[in-house]
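>>> With the input below, show me the fold.
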Amino acid sequence: MASGFLPPYIIPGQEPGTTAEERQEIYKYLHWTRLGQAGQESCVAKTILSGAMGLGLGAMFSLMSSSFAYEDPLRRDPNFDTMKFDKKARVMFKEMGRGMWSTGKGFGKVGALYAGLECCVESYRAKSDLWNSLVGGGLAGGMLAWQSGMKAMLFGAAGFAAFSGAIDAYMRKEPPDDD
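Numbers count the residues shown, from 1 in each chain. Below is the predicted model:
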C-alpha cells in the first residue's frame, strides 16, 4: 500500500530496473574504485606521483627558461657558426634535453622527498593539519641541505618549513561567502 507521502521501500541490491549482470558490473566498478582510492591514499603512491609530477614540471620550466637564455651556451663552440643547420639543431636539442633532465630530476627529488615525509608525518600523527606540512617541510629542507653543513641545514629547514606552511595555510583557507 503506497501513499503519496512516503517513498517506496527498496531493498539494497534489488533496485528496480537492474538485472543481476548489471548489479555485478556495478559491484565490480565500486570494488575497483575503492582500490584506486586506497592506492592514492598510500604514502608510496603519493611519493611516486609527486616525484613524477615534479620531474615533468621541472622539465617544462627548463624548456621555457632555455628559450629566455641571455647567453647562448652553444656559442662557446668555435665551430658552431660553420655547422650545418641539422647539426646545429641536433646540438641544440641535446643541450635542451640535458637541461630538462637535470632540472626535472631536481624538482622531482624535492617533490618526492617533501610528499613522502609529509605523508609519513601525517600517518604517524593521524591528523591532517598545518603542522604536518611544517614538520615535513622542515625535514625535507634539512635533508636537501645536509651536505652543506649544520648552518645550511637549519636555514634550509626553516625556509622550506615556512614556504610549505604558507602554501598549505593558503590552500586550507575557507573561501569567502558571496551572500
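>>> domain parsing for this structure?
With domains defined by automatic domain parsing, the chain comprises 22-111, 127-172.
>>> first vs last residue of the first one, how far apart are they?
Domain 22-111 has an end-to-end distance of 42 Å (C-alpha to C-alpha, to the nearest Å).
>>> Now do it: distance to the chain's middle.
12 Å (C-alpha atoms, centre = their mean, to the nearest Å).
>>> would you list every one of the helices in this protein?
For the chain, the helices defined by DSSP state H occupy 20-40, 43-67, 85-125, 130-144, 150-172.
>>> avg pLDDT for the second one?
The reference is to helix 43-67. Across helix 43-67, pLDDT averages out at 93.
>>> quick one: buried residues of that helix?
Neighbour counts over helix 43-67 (16 or more other C-beta atoms under 10 Å) mark 43, 46-47, 50-51, 54-55, 58-59, 61-62, 66 as buried. For every residue, glycine as well, the C-beta is placed using N, CA and C.
>>> now the shortest one
Under the neighbour-count criterion of 16+ other C-beta under 10 Å, helix 130-144 has 132-144 buried.
>>> Check which helices and strands that helix sits against.
In terms of contacts (3 or more C-beta pairs under 8 Å, 6 or more residues apart in numbering; DSSP states H and E), helix 130-144 is packed against helix 85-125, helix 150-172.
>>> of all these, which has the lowest average per-residue confidence?
Of all the helices and strands packed on helix 130-144, mean pLDDT reaches its minimum on helix 85-125 (a mean of 91).
>>> Now do the residue lying closest to Met96 once chain neighbours are set aside against Gly97, distance only.
Once flanking residues are discounted, Met96 sits nearest to Ser66: 5.2 Å by C-beta to C-beta, 6 or more residues apart in numbering. To Gly97, Ser66 is 10 Å away according to C-beta to C-beta, to the nearest Å.
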